[in-house]
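Q: generate coordinates for the sequence data below:
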Amino acid sequence: MTSSLTDREDLQLQPAALSTRLTVADLEQLQAILSEAHLDYQLELVDGKIIVMGSSDIVSSEIGLEFGEMVLTPSP
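A: Model prediction:
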């Protein structure tokens, strides 16, 4: 008889774990682990959850930064 993933005890989510809000320290720890593994992911912390940004989000952020720089840089 085979068991499904939901039957496995090691994959069961505990109610307490679902309500835990992650912190900046958790985000930094995950970024360090990913960096050591040579994985370049852009992460953000939103409402206590770590979100992996998609490539379009990253491009949008970079365009926003460049636009802000152009607006704030005085013209010669």
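
Q: switch to C-alpha atoms for all contacts and neighbour counts from now on
A: Will do.

Q: what's the distance between T73 and V59?
A: 21 Å (CA to CA, to the nearest Å).

Q: same thing with L30?
A: 22 Å.

Q: the two: which is more packed in?
A: Counting neighbours by other CA atoms under 10 Å for L30 and for V59 shows that L30 has the greater number, 14 against 11.

Q: and the more buried one, what element?
A: helix 24-36 (DSSP states H and E).

Q: off-centre distance for that helix?
A: Counting by CA atoms, centre = their mean, to the nearest Å, helix 24-36 is centred 10 Å from the centre of its parent chain.

Q: now that helix: buried residues?
A: For helix 24-36, the neighbour count (16 or more other CA atoms under 10 Å) marks L27, Q31 as buried.

Q: which helices and strands sit right next to that helix?
A: strand 43-46 (3 or more CA pairs under 8 Å, 6 or more residues apart in numbering; DSSP states H and E).
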